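> fold the following and give me the result.
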Amino acid sequence: MININFFKLRRIKMDSKRITDVAGIDYLWQVDNLYLAGQPSVETMTEMKERGVAHVYNLRNEGEVDQSEIKAKAEELGMKYHHIPIIVNGMLDAENCKKLSNLITKDEPHFIHCGSANRVGAWLITYLTQYRGMDFDEAVDVASENGLSNPGFIAQAQDVVEND
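Next up, the predicted model:
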């Protein structure tokens, strides 16, 4: 008999590290081909381009912080800039989480940011469980090691995963 839960039970190895040598940013981690961050600066965009990043994703809400200089710098450097606010009406938005996840490819680096890396961490939980087959608790551990510090976002991510 085939164990249909095999994929949910397996441990998935992910390379993960904190990065402290990038200009203009305090919170930055790398998980496989994903750079996960809090608020970047214009200088950060140059560093991300040098690391091979082709796509920048801003998860902050419209008008939260002016991102026009960062967007302009990313585009000037040839990176595609995406604005996908994942908090809608105060809650993690399942549709925008999916939209972001569907844009992620495994063959190139992506830079994903919000204000403090908490929203990035919440999205990461949904991505790892729904798109990479990781167990929910393991995904929470990975996200917590890579920027997520707000427990409220864990519960919201669980709702997104369970209701999809």
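> residues touching the residue lying closest to Asn96 once chain neighbours are set aside, list them.
Nearest non-adjacent residue to Asn96, counting by Cβ to Cβ, 6 or more residues apart in numbering: Ile86, 4.7 Å away. Where C-beta positions appear, they are placed from N, C-alpha and C, glycine not excepted. Each residue near Ile86 by Cβ atoms under 8 Å, 6 or more residues apart in numbering is listed here: 59, 92-93, 96-97, 100, 114, 119, 122-123.
> please redo it, this time with the cut-off set to 10 Å
57, 59-61, 92-97, 99-100, 112, 114, 119-120, 122-123, 126, 153, 156, 160 (Cβ atoms under 10 Å, 6 or more residues apart in numbering).
> next one: Lys73
By Cβ under 10 Å, 6+ apart, the contact list for Lys73 reads 40-46, 48-49, 56, 79, 81.
> what about it, which helix or strand?
Secondary structure from DSSP states H and E places Lys73 in helix 68-76.
> give me the low-pLDDT residue ranges for this structure?
Within the chain, the segments meeting pLDDT under 70 span 1-13.
> which residue ranges of it form strands?
16-18, 28-31, 34-37, 55-58, 80-83, 87-88, 91-92, 110-113 (DSSP state E).
> columns mean neighbour count and distance to Asp137 on top of the ones you listed, output as TSV?
Output for those, formatted as TSV (neighbours: other Cβ atoms under 10 Å; distance: least, Cβ to Cβ, whole Å):
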stretch	mean neighbour count	distance to Asp137
strand 16-18	12	16
strand 28-31	21	16
strand 34-37	25	19
strand 55-58	23	25
strand 80-83	15	29
strand 87-88	16	23
strand 91-92	17	18
strand 110-113	26	22
